[in-house]
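Peer 1: One predicted model, sequence on top.
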Amino acid sequence: MTSMIRSRAALTTRLRTLATLELVNTALIGWVVFVSLDAPASAANTAGYVLVTGHLVVGAGYWAVKLRQLRDALPRPPLIAVFRRLRPVCAAGLAVGLVVIATSVAGQPGAAWIPGLVLYALALAEYVNYFHLQLMHDTRADWRRLLRSRRLRRSHLSEDLRVHSVTRVRRQHRTSGAHEVRTRH
């Protein structure tokens, strides 16, 4: 077995694992917060939970799309445009969630809003981790690169969105240029 085949198999396993773990984490977080810690299903706690699980589902979707790209040897992730549209939706959700949590603090016991605030912080970290900078460093290669460069790298999804944007603009430019040439003759 060549190292390229092993690497491809390892990457396939890794992508599948990442997608699965993000979905498992949605249930696990709900169980920890609402069952184990017995936090009330207040507006703040529910908002925090919905935000973090929403971002985890987006992450699971992205890893599933990357897995399909690898499996089918596609030049770019399928459905990448969906993630372009999800980015502002996720940001707006974070803004609304912050308002919900902030308005829930006054006159409420800590159990009604502290778990929601912690979940909100996790959701914000997931948003940054997927749409901006890679915060999760769970492989030796990630740690070596981080220690060598001493800076966070652009996230995989962010990089795919950037590359897709460039290819989309080029494609539109070529299409509009071809149209202009045809209308001149």
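Peer 2: Structure received.
Peer 1: which stretches of the chain form helices?
Peer 2: 3-30, 43-72, 80-105, 114-131, 140-149, 156-184 (DSSP state H).
Peer 1: and the last one, what's its mean pLDDT?
Peer 2: Helix 156-184 comes out with an average pLDDT of 61.
Peer 1: What count of nearby residues applies to the residue lying closest to residue 119 once chain neighbours are set aside?
Peer 2: The spatially closest residue to residue 119, leaving aside those adjacent along the chain, is residue 48, at 3.0 Å (Cβ to Cβ, 6 or more residues apart in numbering). Just so you know, the C-beta spots here come from the backbone N, C-alpha and C atoms, and that holds for glycine as well. Here the number of neighbours of residue 48 (other Cβ atoms under 10 Å) works out to 30.
Peer 1: Same check on residue 45?
Peer 2: Residue 45: 26 neighbours (other Cβ under 10 Å).
Peer 1: do you know how far it is from residue 18?
Peer 2: Distance, residue 45 to residue 18, using Cβ to Cβ, to the nearest Å: 27 Å.
Peer 1: re earlier: isn't the residue nearest to residue 119 right up against residue 115?
Peer 2: Yes - Residue 48 lies in contact with residue 115 (Cβ atoms under 8 Å); the separation is 6.6 Å.
Peer 1: dump the residue contacts of the residue lying closest to residue 11 once chain neighbours are set aside.
Peer 2: Among residues not flanking residue 11 along the chain, residue 70 sits closest, at 6.2 Å (Cβ to Cβ, 6+ apart). Applying Cβ atoms under 8 Å, 6 or more residues apart in numbering to residue 70 gives the contacts 8, 11, 12, 15.
Peer 1: among those residues, who's most crowded?
Peer 2: Highest neighbour count within these, by other Cβ under 10 Å: residue 15, with 20 neighbours.
Peer 1: How about the contacts made by that one?
Peer 2: 63, 64, 66, 67, 70.
Peer 1: Going through these, which ones are buried?
Peer 2: Those of the contacts of residue 15 that meet the buried threshold are 63, 64, 66, 67, by 16 or more other Cβ atoms under 10 Å.
Peer 1: Need the pLDDT of the first one.
Peer 2: Same thing as residue 63. 95.
Peer 1: number of nearby residues for residue 46?
Peer 2: For residue 46, using other Cβ under 10 Å, the count is 20.
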